[in-house]
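Participant: any chance you can model this:
(one chain, ligands or ions: 2)
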Amino acid sequence: IFAAVEMAPRDPILGLNEAYNADTRATKVNLGVGVYYDDNGKIPLLAAVKTAERTRLETMPPRGYQPIEGPAAYDQAVQKLLFGADSELLAAGRVVTAQALGGTGALKIGADFLKRLNPAAKVYISDPSWENHRALFESAGFEVENYPYYDAETRGVNFAGMKSFLQGLPAGSIIVLHACCHNPTGADLSDAQWVEVVEVCREKGLVPFLDMAYQGFADGIDADAVAVRLFSTSGLQFFVSSSFSKSFSLYGERVGALSVVTASKEESARVLSQLKRVIRTNYSNPPIHGGAVVAAVLSNPELRQLWEDELAGMRDRIRAMRTGLVEQLKAKGVAQDFSFVAAQRGMFSYTGLSAAQVETLKNDFGIYAVSTGRICLAALNSGNIGYVAESIAQVVKG
Ligand code: PLP
Ligand code: TYF
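Facilitator: Ligands and ions are numbered 1, 2, ... in the order given. Have a look, this model is predicted:
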């Protein structure tokens, strides 16, 4: 039965991990995958998480099935983070949230629901986008196309191009938007541009799907939610996928959520019933541990403050690595201006390094990056930044 099975393509980012792991050079650096490492090059276990886990272990709670949409304590905690504790939408019962298997799982629940709702719609993702966006919506049965986004010349967003493209789309088109910390470019919309995007979605009857995988990694929890908050006050209906993989450093626990903003409380009940149907037929109900830890941290004022401080620490360290890399490249005599790296937001930078330069970095220096020139700044640390800057300098100076 498997004789005709073809080899599926590898994920270009996760595939890099395998090559990195097989590399025996002591100086190797993995700037490929989007994971936050601390200054010792380790994935941190946050103190807030550790404390919540200890407490949980002491009580040894039973492991029954969870509600299909996850526990209310978790879903409500997610809603407050995304929409704000004093959100009118929440008070009106216009948001339904289901726990999901990471941000990826949230996108897939939303995609499967949308496919039932509007099978003929097309999905539009930014050019470029997280590669899994395309694969995931295609696997839900949609045709996926790009909307203009990154402008390599200005290293910012081609907003005029994006806006006019969106204005030309038929009503019902599904628009996937990176709510903050755009992956892979690090180039985000300004608040004023978000206002315009909301307006276009309203005028044209588009279906906004906000993907928020890095809340807290640009400017802060509320500041990074500006897109969600602007859509919230617009009166529109929309989707938000969110993830705690990065903000809680809980990658492998697979903790995320899908939230859907509806027109009324009554509509919410019907929408939730459909989300539950999608979940039931995929994995029945979500795992317990990660969501319980997140809910415990977010509902305890001391742990929450500790988490916010730790999140700020991650954010500040990435910023320091951005400015550090810019300074070191300059100090190593690189003529090309890399100051844009310090202005980009989140974990990633589109460095402008060519595929050939990325290949040289890997072969000659053991430095792994995505072939598009994307690097993860959160993999830099005080021990490797000098080596990385020196290697990039050699590569760009040819
Ligand atoms: N969306 C974007 C834009 C991402 O960069 C990621 C990264 O992992 C995800 C979603 C998926 O998050 P998770 O690891 O929680 O599935
Ligand atoms: O873009 C990244 O590196 C992260 C991690 O299929 C990731 O978002 C990459 C690929 C993938 C899942 C997660």
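
Participant: contacts, neighbours, all on C-alpha from now
Facilitator: Will do.

Participant: strands paired with the host helix or strand of residue 375, and their directions?
Facilitator: In the assignment (DSSP states H and E), residue 375 maps to strand 374-376. Next to strand 374-376 in the sheet, as set by DSSP bridges, lie strand 348-350 (antiparallel).

Participant: which ones are touching residue 346?
Facilitator: Counting by Cα atoms under 8 Å, 6 or more residues apart in numbering, residue 346 makes contact with 180-182, 186, 214, 217-218, 315, 318.

Participant: now do the strands in the stretch 201-350 of the chain.
Facilitator: Counting by DSSP state E, counting those that start in this stretch, the stretch 201-350 of the chain has strands at residues 207-212, 238-243, 255-261, 348-350.

Participant: and these: which comes nearest residue 48?
Facilitator: Among these, the nearest to residue 48 by Cα to Cα is strand 255-261 (15.7 Å).

Participant: then the closest one to CSV, C-alphas only?
Facilitator: The C-alpha coordinates for strand 255-261 follow below in CSV (Å, rounded to 0.1, in the frame of the first residue of the first chain):
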residue,chain,number,x,y,z
VAL,A,255,-0.4,25.7,24.3
GLY,A,256,-2.4,28.2,22.2
ALA,A,257,-6.0,29.3,21.5
LEU,A,258,-8.4,30.2,18.8
SER,A,259,-10.7,33.2,19.6
VAL,A,260,-13.5,34.2,17.4
VAL,A,261,-15.3,37.6,17.7
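
Participant: ligand 1 contacts on the chain?
Facilitator: Within reach of ligand 1 by Cα under 6 Å from any ligand atom, the chain has these residues: 102-104, 130, 183, 211, 213, 243, 245, 251, 256.

Participant: let's go with 8 Å and repeat that
Facilitator: The chain comes close to ligand 1 at residues 34, 101-107, 129-130, 132-133, 178, 182-184, 211-214, 241-246, 251-252, 254-256, as judged by Cα under 8 Å from any ligand atom.

Participant: what bridges to the closest residue to residue 189 other than its chain neighbours?
Facilitator: Nearest non-adjacent residue to residue 189, counting by Cα to Cα, 6 or more residues apart in numbering: residue 157, 6.9 Å away. Counting by DSSP bridges, residue 157 forms beta bridges with residue 150.

Participant: ChimeraX command to pick out the buried ones of the residues of the chain next to ligand 1?
Facilitator: Buried residues among the residues of the chain next to ligand 1 (16 or more other Cα atoms under 10 Å), as a ChimeraX selection:
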select :34,101,102,103,104,105,106,107,129,130,133,178,182,183,184,211,212,213,214,241,242,243,244,245,246,251,254,255,256
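
Participant: by contact count, what packs against the longest helix anywhere in the chain?
Facilitator: Taking DSSP state H as the criterion, the chain has its longest helix at helix 301-331. Packed against helix 301-331 by the contact rule (3 or more Cα pairs under 8 Å, 6 or more residues apart in numbering; DSSP states H and E) you find helix 47-59, helix 289-299, helix 340-343, helix 385-397.

Participant: follow-up on the earlier one: ok, the contacts of residue 346 vs ligand 1, which is closest?
Facilitator: For those, the residue nearest ligand 1 by Cα to the nearest ligand atom is residue 182; the value is 6.7 Å.

Participant: on that earlier part again, burial count for the residue nearest to residue 189?
Facilitator: 20 (other Cα atoms under 10 Å).

Participant: which residues touch it?
Facilitator: For residue 157, the contact set (Cα under 8 Å, 6+ apart) comprises 149-151, 187-189.

Participant: and what of residue 291?
Facilitator: By Cα under 8 Å, 6+ apart, the neighbours of residue 291 are 74, 99, 255.

Participant: shouldn't the second one be within a strand?
Facilitator: Yes. Assigned with DSSP: H, G, I helix; E, B strand; the rest coil, residue 99 falls within a strand.

Participant: count the residues that sit near it.
Facilitator: Residue 99 - counted by other Cα under 10 Å - has 31 other residues nearby.

Participant: mind listing what the closest residue to it other than its chain neighbours touches?
Facilitator: Using Cα to Cα, 6+ apart and skipping residues adjacent in sequence, the residue nearest residue 99 is residue 257, 4.3 Å away. Counting by Cα under 8 Å, 6+ apart, residue 257 touches 75, 78, 97-103, 105-106, 241-243.

Participant: how about TSV for the contacts of residue 291, with distance to residue 325 and pLDDT added?
Facilitator: Listed next are these as TSV, based on distance: Cα to Cα, whole Å; pLDDT from 0 to 100:
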residue	distance to residue 325	pLDDT
74	38	98
99	38	98
255	32	98
